[in-house]
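Participant: The sequence isn't on hand, but the structure is:
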Ligand code: HSE
């Protein structure tokens, strides 16, 4: 059997400790598959005394991740520190620079510096592997890079953030407030250190940037992504979605269009009958539309120690076997720079919720503003809301919700129509607009 692969791990949080546990548990099977054993020899973390439930006493301890990355006693550096700059970036660059392969779960780092890191790995003839960076335990990186190599991909979209899906699921199913659901997600350890990364859609955008590159052979370009979070979604939207046959999910979508590759992250109406709508709670899912396989949906745990460790260990096993794929599927020089498509050029159906002063002519005025721009309405729903105790009885004094679903039109047209509706003075408060994604 060949020499053991010596692994150094920087970052001993839940995922790091789970990687050590999993490598121990699967040691025999991994050695048999790889033709060599895999040995964690060195670790680096902030707190040496913390009980992590794994025995690290026999391992070399480093306080500085860069020193570990440069150590001559490791062949492979595993980065589980997180963050798009600072120690994570410095250590990954140091490892690649000294000719060591790197395995990382760091989506923020790859979204920002993926191209330069891939180039460095290429120049040094080492691997840069990141299965764990997108959708935790779902092997979507390998699926896109190797499994679907015979396909031309039209669209890839998914639920890539467990925290957001958990919040939206609980709000819908239990009628709980956004704030209460977020607090629970934090308690359960799903949320990022700064939860605005989750709820603001940025974590999803980091993951989407990686998927877009793998799916379409383009350079990673997180700046090209239109990002909206779930903060504006209300129980009224979730209820209206249910009544109209939809469910609201925070999706990351990358799609080939005649104008180029659209990349967007936003709350999305999906048909309740679709595969992606069935995915509830912290679970992630990715759907890929490709010419040969048609539609493929992968569903699984997007976060959590063991699930993420499963992806990290798969990459370690590949490197032990000597597999070195181009990180983003193509040599970096062959990855095209895709045009940035402004979201105003997006075409699709829209859900619009307006709070309307219930006066004669209000519905007609809204419909007119839509018709003037050739926006066709698929459905229109207005509910009379009986006055609560103490509220004025006059219908005119009380705003009522009106929900419209449009057929496909452009974002620019919808925004222009809504500006005109607002100027007409029939509505109270800003319109809620949610894009619809068809299967
Ligand atoms: N905060 C992330 C999530 C963890 O909620 O999905 C995995 O990236």
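Facilitator: Structure received. Quantities reported herein were computed from a predicted structural model and do not represent experimental measurements.
Participant: now the helices for the stretch 151-300 of the chain?
Facilitator: 162-174, 178-187, 196-199, 202-216, 235-243 (DSSP state H, counting those that start in this stretch).
Participant: ugh, typo on my part, it should be the stretch 301-439 of the chain
Facilitator: Going by DSSP H, counting those that start in this stretch, the stretch 301-439 of the chain shows helices at 305-321, 362-372, 411-424.
Participant: In a markdown table, list those helices along with mean neighbour count.
Facilitator: Using the backbone N, CA and C atoms, a C-beta is placed for each residue, glycine as well. Listed next are the helices of the stretch 301-439 of the chain as a markdown table, based on neighbours: other C-beta atoms under 10 Å:
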| stretch | mean neighbour count |
| --- | --- |
| helix 305-321 | 22 |
| helix 362-372 | 17 |
| helix 411-424 | 17 |
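Participant: JSON lines for these, including distance to residue 201 and mean pLDDT?
Facilitator: Below are those laid out as JSON lines (distance: least, C-beta to C-beta, whole Å; pLDDT from 0 to 100):
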{"stretch": "helix 305-321", "distance to residue 201": "20", "mean pLDDT": "97"}
{"stretch": "helix 362-372", "distance to residue 201": "28", "mean pLDDT": "94"}
{"stretch": "helix 411-424", "distance to residue 201": "17", "mean pLDDT": "97"}
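Participant: Out of the ones you listed, the one nearest residue 144 is which?
Facilitator: helix 305-321 (13.7 Å; C-beta to C-beta).
Participant: Residues of the stretch 251-400 of the chain that sit close to the ligand?
Facilitator: 302, 303 (C-beta under 6 Å from any ligand atom).
Participant: Would you mind splitting this structure into its domains for me?
Facilitator: Domain assignment for the chain by automatic domain parsing gives 5-133, 148-301, 345-437.
Participant: Looking at the ones you listed, spot the one closest to residue 331.
Facilitator: Closest to residue 331 of the domains of the chain is domain 5-133 (C-beta to C-beta; 6.4 Å).
Participant: Span of that closest one from start to end?
Facilitator: End-to-end span of domain 5-133 (C-alpha to C-alpha, to the nearest Å): 22 Å.
Participant: Report the mean per-residue pLDDT for that domain.
Facilitator: Across domain 5-133, pLDDT averages out at 97.
Participant: Tell me which of the helices of the stretch 301-439 of the chain sits nearest to residue 233.
Facilitator: Going by C-beta to C-beta, the one of the helices of the stretch 301-439 of the chain nearest residue 233 is helix 411-424, 17.9 Å.
Participant: Now do that closest one: which elements does it pack against?
Facilitator: Packing contacts for helix 411-424, counted by 3 or more C-beta pairs under 8 Å, 6 or more residues apart in numbering; DSSP states H and E, involve strand 347-357, helix 362-372, strand 432-437.
Participant: what angle separates it from helix 362-372?
Facilitator: Relative orientation of helix 411-424 versus helix 362-372 (axes from the mean of the first three to the mean of the last three C-alpha atoms, to 10 degrees): 150 degrees.
Participant: angle of helix 411-424 against strand 432-437?
Facilitator: Angle between the axes of helix 411-424 and strand 432-437 is 160 degrees (criterion: the same axes, to 10 degrees).
Participant: Run through who's touching helix 411-424.
Facilitator: Contact with helix 411-424 is made by 343-347, 350, 352, 354, 365-366, 369-370, 372-375, 406, 427, 430-431, 433, 435, as judged by C-beta atoms under 8 Å, 6 or more residues apart in numbering.
Participant: Recalculate using a threshold of 10 Å.
Facilitator: The contact list for helix 411-424, computed with C-beta atoms under 10 Å, 6 or more residues apart in numbering, reads 226, 264, 342-350, 352, 354, 356, 361-362, 365-375, 406, 409-410, 427, 429-431, 433, 435.
Participant: Filter those residues down to the buried ones.
Facilitator: Among the contacts of helix 411-424, the ones that count as buried by 16 or more other C-beta atoms under 10 Å are 226, 264, 343, 346, 348-350, 352, 354, 356, 362, 365-366, 369-370, 375, 406, 409-410, 427, 431, 433, 435.
Participant: leaving aside the residues next to it on the chain, what's closest to residue 3?
Facilitator: residue 36 (6.6 Å; C-beta to C-beta, 6 or more residues apart in numbering).
Participant: Please read the previous query as pertaining to residue 313.
Facilitator: Closest to residue 313 by C-beta to C-beta, 6+ apart is residue 22, at 5.1 Å.
Participant: re earlier: okay if I get the helices and strands packed on helix 411-424 as TSV plus distance to residue 199?
Facilitator: Formatted as TSV, the helices and strands packed on helix 411-424 follow (distance: least, C-beta to C-beta, whole Å):
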stretch	distance to residue 199
strand 347-357	20
helix 362-372	30
strand 432-437	16
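Participant: so which of the ones you listed gets nearest residue 1?
Facilitator: Of all these, strand 432-437 comes closest under C-beta to C-beta, at 49.7 Å.
Participant: helices or strands next to that closest one in the packing?
Facilitator: helix 235-243, strand 246-257, strand 260-271, strand 347-357, strand 399-406, helix 411-424 (3 or more C-beta pairs under 10 Å, 6 or more residues apart in numbering; DSSP states H and E).
Participant: Ok, which of the helices of the stretch 301-439 of the chain comes nearest residue 49?
Facilitator: helix 305-321 (20.0 Å).
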